[in-house]
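> my questions concern the predicted model and sequence given below.
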Amino acid sequence: MFRVGFMASGRGRGTTESVAPDGMTDSANEIAGLKAEIAAKDRQIRLLTVSYGHTFDELCAAGKAGGGTPYSFDELLAIGASGNAPSVPPCVFVHVPKVGGTTLNHILMKNYRWRVDSYGSNFFPRYYPDEFISLVQPPNDDDTRRPVFFTGHITLDNDIFRYMPVRYSAITMLRDPVQRMISNYRFHSSLPASPHYEPIKNGAGVLDYLDKFGDEILLQHKMFAPRGGVAEALTNLESHISIFGLQDRYDEFLSSLSVLLGLPDVSHRPLNRTVAAATAVPEADVARLRERMADEIAFYQGAIALYEKRAAALRARGTAAGPHPWRDFYAA
């Protein structure tokens, strides 16, 4: 290696830099080394996120991810009546907390062959993109993983809806918002491991609870319109959710799952119930909650109207001539 001199601009003073036999300076060698290190790290990250498969962007560009749409209520109504349909689709359960969703998850587990839970608010990176694409395909004979259902406390802007490549069913449960908030409060008051337990134990009422933890509690209308209001949430409920139920009409909802999706076993016992000794809520606080949750109540009232409309259509359809075409694909 030898040294060369050059003049620093405007300084009139010479500086030197080493030049390797291949003509590369020290700084060029350092940059090349850093680029190689970055490339190696990028390779490691890719292996962790997609293994030897494809990224979601690559799958979308190839037309293998994205573009899937939910079955509408009317489509499911027609499929159940006609007995003709493509193979059973995957299901996405938008699990609103404290509406009886734990019980519903257990019912779905008795019917679908595979359950995929969200990781926090998302389903990725628990599954590689190629594996996700495989999971949502039509089941084969004696399939051990399909049909699959996805479940989690997610909103409609979750990536699963963006990347789903096939038709799917989307279901959810709703509950009177004031009763749901009270249930949430009382549930955490009886759960010492909960981070909400100590404030309640130290005297926080349900209104204090709403003030302190309101941002953590997923409001129902915000789950269906994360950046919108009540009107958008109701529009999305109708267009993006195939079937929804009301917590105080639970058995009726399960019956609709049997009729519209062909689930063969909807028997159940209630799970994750709040204990009787949980902190009580005074009636005065209930009234004040109703004043403060006007948007949630407006959404729920609109949902009830849509539910009644769909229930009437289901009753008017009558009994199907034969078994549901998806019935034999389930595990039950």
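Good, I have the coordinates.
> excluding its backbone neighbours, what's nearest the spatially most central residue of the chain?
Note on the chain: the residue nearest the mean C-alpha position is residue 154, at 3.3 Å, using Cα atoms, centre = their mean. Leaving aside its sequence neighbours, residue 154 sits nearest to residue 118 (Cβ to Cβ, 6 or more residues apart in numbering; 5.5 Å). Backbone N, C-alpha and C define where each C-beta goes, glycine included.
> can you give the domain ranges for the protein?
2-50, 73-329 (automatic domain parsing).
> who wins for proximity to residue 67 among those?
domain 73-329 (6.0 Å; Cβ to Cβ).
> looking at the closest one now, give me its mean pLDDT.
The average pLDDT for domain 73-329 rounds to 92.
> I'd like the numbering to begin with 28 instead of 1 from here.
Noted, 28 is the first residue going forward, which turns the last one into domain 100-356.
> check which helix or strand covers residue 172.
Using DSSP states H and E, residue 172 sits in no helix or strand.
> that one and residue 155: what is the separation?
14 Å (Cβ to Cβ, to the nearest Å).
> kindly report the same for residue 136.
23 Å.
> which one of those two is surrounded by more residues?
residue 155 (19 against 15; other Cβ atoms under 10 Å).
> the more buried one and residue 79 touch, don't they?
No. The criterion here is Cβ atoms under 8 Å, and residue 155 misses it with residue 79 at 9.2 Å.
> follow-up on the earlier one: I'd like the domains of the chain as JSON lines, with distance to residue 84 appended.
Shown next, in JSON lines, are the domains of the chain (distance: least, Cβ to Cβ, whole Å):
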{"stretch": "domain 29-77", "distance to residue 84": "10"}
{"stretch": "domain 100-356", "distance to residue 84": "9"}
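> what helix or strand is the residue nearest to residue 112 when sequence neighbours are not counted on?
Spatially, and ignoring its direct neighbours in sequence, residue 112 is nearest to residue 106 (4.2 Å; Cβ to Cβ, 6+ apart). In the assignment (DSSP H and E), residue 106 maps to helix 100-109.
> pull out the buried residues from that helix.
100, 102, 103, 104, 106, 107 (16 or more other Cβ atoms under 10 Å).
> what does that helix contact?
The contact list for helix 100-109 (Cβ atoms under 8 Å, 6 or more residues apart in numbering) reads 98, 112, 196, 269-270, 286-289, 337, 340-341, 344, 347-348, 351-352.
> in PDB, list the C-alpha atoms belonging to it.
Extracted in PDB, the C-alpha atoms of helix 100-109 (Å, rounded to 0.1, in the frame of the first residue of the first chain):
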ATOM      1  CA  PHE A 100     -75.200 -11.600   4.100                       C
ATOM      2  CA  ASP A 101     -77.400 -11.800   1.000                       C
ATOM      3  CA  GLU A 102     -74.900 -14.100  -0.700                       C
ATOM      4  CA  LEU A 103     -74.700 -16.400   2.300                       C
ATOM      5  CA  LEU A 104     -78.500 -16.400   2.400                       C
ATOM      6  CA  ALA A 105     -78.700 -17.500  -1.200                       C
ATOM      7  CA  ILE A 106     -75.900 -20.200  -0.800                       C
ATOM      8  CA  GLY A 107     -77.700 -21.800   2.100                       C
ATOM      9  CA  ALA A 108     -81.000 -21.800   0.200                       C
ATOM     10  CA  SER A 109     -79.600 -23.100  -3.100                       C
END
